Structures are given as C-alpha cells and as structure tokens.
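Visitor: Kindly return the folded structure for what I paste below:
(2 chains)
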Amino acid sequence: MDKQFSDDRRFADLMRAVQAGDGRAYAALLTEITPRLRQFVHGQRRFLRIEDIEDLVQDVLLSLHAVRATYDPQRPFMPWLLSIARNRLADGARRYARQGAHERQVENLPVTFAEETTNMEAEVYGDPDALKQAIRELPRAQRQAIEMLKLREMSLKEAAAASGTNVGALKVSIHRAIGTLRKALKG
Amino acid sequence: MDTDQLIQRLAETSGPVSRLSPPSARTTMWFALAIPYVALVVIVMSPRTDLVAKLSDAGFVIEQLAALTTGIAAAMAAFASIVPGFDRRFVLLPVLPFAVWLGSLSLGCIQTWLRFGPDGLSLQPDWFCFPAIVLVGMVPAIAMALMLRRGAPLTPHLTTMLGGLAATGLGDFGLRLFHPQDASIMVLVWQMATVFVLTAVAGWAGGFIMNWRSLTADIRSRIAVR
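Guide: Here you go, the predicted structure:
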C-alpha cells in the first residue's frame, strides 16, 4: 500500500516535470508505466495477441501525450492514467465492433482466372500501361497517396506517418486521385 | 515503430504544456467570457420594457435563475467530463436545476389551466425563439467548444451535449430579458424545444468536435516527420 502510494507520488512529480517540458523525466515516466499498462491491458483483454496488446499500449501512450495538460499534480496519477487506458480500450472495442459489422465473411473468393467475374473485372479494367502513365501524371500528393495506399497497401495511419501528412488529407488525396484516374482512363 | 522507440520520440518531441485549470475555475472563466456577450446582445436587442416590474414576479425570477444555474452547472459538468479520473457523478450536476426549470414552467402551465381552462393553453407560432437563442448562445457555445477541445475526449457526445445545454441555458436566460413572452406553455414549447434541439445537435456533433483519432493521428505524424 505504502509502495503504491510512494510510486504514485513519484509519478505525480515526474508528470509535473513533464508538464514543464522535461524530456528526460518524460522518458523515465513512460518507461516505468509501460509494463504496468501492458499488464493492465492484458488483464482486461486476455484473448488478444501480444502485438495487439502492444498496439493498445501505444494508443494509450499517445493519448496520455495528447492530454498531458489535463493532469493536476495535486491529484493521484494512477487513476488519471487508468481512466485514459480504460477509455481507450472501450474505444478500441467499439471500433472493432463497428468494423466487424461492415465486414462479410466469404468462403470462396473468386480470385482465380477460372472465375468468370474476375475475368470480366480484369477485362473492363483496360490497359495497365495507360494506368501506369495516368498515375505518373497525377499531382505529387495524389500520386503518393495512390502509391502508398493502393500499390503498397499501407494503412491510412501508416501512410500518414510515412508521408508526414494527416489521415484526413490522405483521404482527400486518394479520393481525388481515383476521380482523376477514372476520368483519364475513360477519355 | 516499437514501444521503446515511441517513448523515445515522445520524450524528444515533448515541450512544456500549460496545465488545465480545475473545472470550477474554467467554468468561471467561461462565464466571465459569455456573460458580457449576453449582456451586449440584450442591450442591442433592447431590454423588454417591463423588465424592472418582472423582477418582482417570483415565477419569472425562479425560471430565470433556474435557466442560469442550469447553464453554469452544465458548463461545470462538461469541464469535469474532460478530465481523466474526475468523479463521473459530476455529469449529473445540471439535473437538479434543469428539473427546477422544467418544473417551474410545468407548474405555470397547470396554474394557467386551473385559472382559464384549456383556452389558457393555446399555442401561437413563435419562431423568433430559435434564431434568438442561437444568437445569444452562439459566442458562449463557440467559447465552450474551444475550451472543451483542450481536454480529453472521454465521453465526446455527453460532453458536447452538456456544453450545448450550458450555452442554450444562457441563451434562453438572455432571450427572456428582451423577448416579452412569459406564457408558460409558450416558453415550454418554443423555448424549451429550442434548448432540446440545440442540445441534441451539440451532442450529435461531439464526435467531430473532439475525438482521440484526430488527437493521436496528429501526434503520430509529428513524431514521424521529426
């Protein structure tokens, strides 16, 4: 009990230093709380794989970073942190349920050339050289979005991190790029 | 990026932040910002001619105090709801003043019914209420949204709904200082309906005004480009 209390006070002091801009205190704090967060996430979501737990822990760390101004060093640290962690876990579960509702399980995907529908799609698609040329002629941001999201199949988050832009801007770029390509290939 | 790298990048890129004041202090700040604007609108629209006389009408004073208290309590609850670890029961703060507000209007309707019968409860169109409450509540609502965005989006819809109730409560308080409409049934139907609609719209917009996705995506892109 005493150890918990003294740990909490130490975290509160580190957090005070973090709010003042002390990077070293920040690294120390995050390094100390990460194993506790891992344990917490694992306790709440026992069925998750290690990499999924790590993703959730990273989400909590990023969230902590985003709202570190809301911490009041007069109040205990762990309830503040666990409130964020619980909220992010619930948020993740809601997102997972929403994605699940839009996904359809398909047993036999028509991916071979023997399937008529796949061949039709391929024929309608037209000339791959023309497509390559049309992609080359796109404005830089749109071309980058097509390359990362469609050709390299990166997620929006990964592409945003790699290109230094944000998810919203990427969505706009990809939407415009597809419109431009559609026009170019029809014409 | 693995977790150790993430910690390193966060520590390298973090700067000082100005700590958020407690919810009570932020409520005071919001109120101090909102009330001069409400007063300005009342002056521009010109206060009702019977305002001084109305101040001795107990029903009017109770309704106005209840609207004002609802606005303040809802603001306090909204600011508490964006602080992780804060007691969640704070969100119930506006329930009592809101119940008094609704109750006093309902009581007025019952008294009118007893005195004049069903004829006393006739409804006339009063579309002025909607734009007027929007006008009076606009600046308080914008200030509220900006202040809420500095907090944690723990319950975005509930938080913005409370923020909307705070702004519309203040909006209705201001409206009744220049709009001479006191028939309880009219206030209940037109003004309360406006408060309900605007509060619901604010609640619906919660996910757009504040969400974790945009907060963390910004940080991800910032630490990736450095």
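
Visitor: for B:Pro94, phi and psi?
Guide: With angles defined as degrees, to the nearest 10, B:Pro94 sits at phi -80, psi 0.

Visitor: which residues touch it?
Guide: By C-beta atoms under 8 Å, 6 or more residues apart in numbering or on different chains, the residues touching B:Pro94 are B:70, B:73-74, B:77, B:162, B:165-166, B:169. Backbone N, C-alpha and C define where each C-beta goes, glycine included.

Visitor: And these, which is closest to chain A?
Guide: Using C-beta to the nearest C-beta, B:Ala77 comes nearest to chain A of the contacts of B:Pro94, at 15.7 Å.

Visitor: in which helix or strand would I find the closest one?
Guide: B:Ala77 belongs to helix B:58-80 when elements are defined using DSSP states H and E.

Visitor: From A:His175, how far off is A:Glu153?
Guide: Distance, A:Glu153 to A:His175, using C-beta to C-beta, to the nearest Å: 17 Å.

Visitor: and the two? which has more neighbours close in?
Guide: Using other C-beta atoms under 10 Å in any protein chain shown, the more surrounded residue of A:Glu153 and A:His175 is A:His175, with 12 against 9.

Visitor: secondary structure class for the more buried one?
Guide: Three-state assignment for A:His175 (DSSP: H, G, I helix; E, B strand; the rest coil): helix.

Visitor: what's the answer for A:Arg46, then?
Guide: Look at A:Arg46: counting by three-state DSSP, its state is coil.

Visitor: that older thread, would you put the C-alpha positions of the helix or strand following the helix holding B:Ala77 in CSV?
Guide: Downstream of helix B:58-80, the first helix or strand assigned by DSSP H and E is helix B:95-116. Provided in CSV are the C-alpha atoms of helix B:95-116 (Å, rounded to 0.1, in the frame of the first residue of the first chain):
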residue,chain,number,x,y,z
VAL,B,95,-30.1,17.6,-13.4
LEU,B,96,-31.5,19.4,-10.3
PRO,B,97,-31.5,23.0,-11.8
PHE,B,98,-32.9,21.6,-15.0
ALA,B,99,-35.6,19.8,-13.2
VAL,B,100,-36.5,23.0,-11.3
TRP,B,101,-36.5,24.9,-14.6
LEU,B,102,-38.8,22.4,-16.3
GLY,B,103,-40.9,22.0,-13.1
SER,B,104,-41.5,25.8,-12.7
LEU,B,105,-42.6,26.0,-16.4
SER,B,106,-44.9,23.0,-16.0
LEU,B,107,-46.3,24.4,-12.8
GLY,B,108,-47.1,27.7,-14.6
CYS,B,109,-49.0,25.6,-17.3
ILE,B,110,-51.0,23.8,-14.6
GLN,B,111,-51.9,27.1,-12.9
THR,B,112,-53.0,28.7,-16.2
TRP,B,113,-55.1,25.6,-16.9
LEU,B,114,-56.8,25.8,-13.5
ARG,B,115,-57.5,29.5,-13.9
PHE,B,116,-58.6,29.7,-17.6
